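Student: Quick one, what's the 3D model for this:
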Amino acid sequence: MAKEVKKDPNEMSVEEKLRALYQLQTLVSEIDKIKTLRGELPLEVEDLEDEVAGLNTRIENIKKEIENLKGDIAGKKIEIETAKASIEKYKNQQENVRNNREFDVLSKEIEFQTLEVELCEKRIREFTAAVKSKEEEIVKSNETLEERTKDLEMKKTELDDIISETKQEEEKLREKAKAVEATIEPRLLQAFKRIRKNSHNGLAITYVQRDACGGCFNKIPPQKQLDIRMRKKIIVCEYCGRIMIDPELAGVEPERHLETKISK
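Tutor: Numbers count the residues shown, from 1 in each chain. Now for the predicted structure:
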């Protein structure tokens, strides 16, 4: 069996190029339909993955904050012990003072250290309350994390089921689309993809319907309609930017404008 020789995209006629583009449009539209079956599931899965990751990070950060607070509490307890030791020392010194001035100085030191103890105790109460609050926050975050993880697993299973049902068909369509792309010159293919990306429905090719562009429904001048039917050059809609072809090339029965003559 003779091997089929692929035609150079640059040697293709305009009509052949238009046929290839329309064929590609048909294939990618079928792929789009398969993606539509999945609906918002891929986005929902992505959002849930981000939320789960965010919750995990948040819980880890809260745990670090709790550890820091516990470290602060331990530090304040050491300060209290140090202050109490100083108070005891100053009290003992007061018993051996030689004058009132030395006694007053030691009294002020005792008062200062007592205030330090009270301040440290206040800070410990604040830190302890903060630890309790953050531990409660962790409990709530873990509950939310558990719920979101279950939702994520359910959505992933649902998405995997849909993908497995359509995977084979989608792969075949992608292979066919890739083969067709190879027959289209790069510049034209790039333009096709750009137009398709900018189109709300993903259609880069449209055909003439009732003397108007099938994409934006703006009227097409008669001369341009003739040029489209001649298939001698690639014509783009001046309003929506889509490549236009005649209905026959798209396999659509052209609409006939019939005039009814009334004979007397």
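
Student: Was I right to think T144 contacts L55?
Tutor: Yes - in terms of C-beta atoms under 8 Å, T144 counts as a neighbour of L55; the distance is 6.2 Å. C-beta: built from backbone N, CA, C; applies to glycine.

Student: next one: phi and psi at M244?
Tutor: When quoted as degrees, to the nearest 10, the phi and psi of M244 stand at phi -110, psi 140.

Student: can you check C213 too?
Tutor: phi -70, psi 130.

Student: Who does it form a beta bridge with?
Tutor: V208 (DSSP bridges).

Student: That one and V131, how far apart?
Tutor: Between C213 and V131 the computed distance is 68 Å (C-beta to C-beta, to the nearest Å).

Student: Look at those two and report which has more neighbours.
Tutor: Ranked by neighbour count (other C-beta atoms under 10 Å), C213 and V131 place C213 first, with 22 against 18.

Student: higher neighbour count, T144 and L55?
Tutor: Remark: of T144 and L55, L55 carries more neighbours, 18 against 15, as counted by other C-beta under 10 Å.

Student: contacting residues for the more buried one?
Tutor: Going by C-beta atoms under 8 Å, 6 or more residues apart in numbering, L55 touches 141, 144-145, 148.

Student: Distance of it relative to V139?
Tutor: Going from L55 to V139 by C-beta to C-beta gives 13 Å.

Student: picking up where we left off before, of the contacts of L55, closest to E81?
Tutor: Nearest to E81 out of the contacts of L55 is S141 (C-beta to C-beta; 35.1 Å).

Student: Weed out the non-buried ones from the contacts of L55.
Tutor: Buried members of those, scored by 16 or more other C-beta atoms under 10 Å, are 141, 145, 148.

Student: Please identify the helix or strand for the last one.
Tutor: This means R148. R148 belongs to helix 100-181 when assigned by DSSP states H and E.
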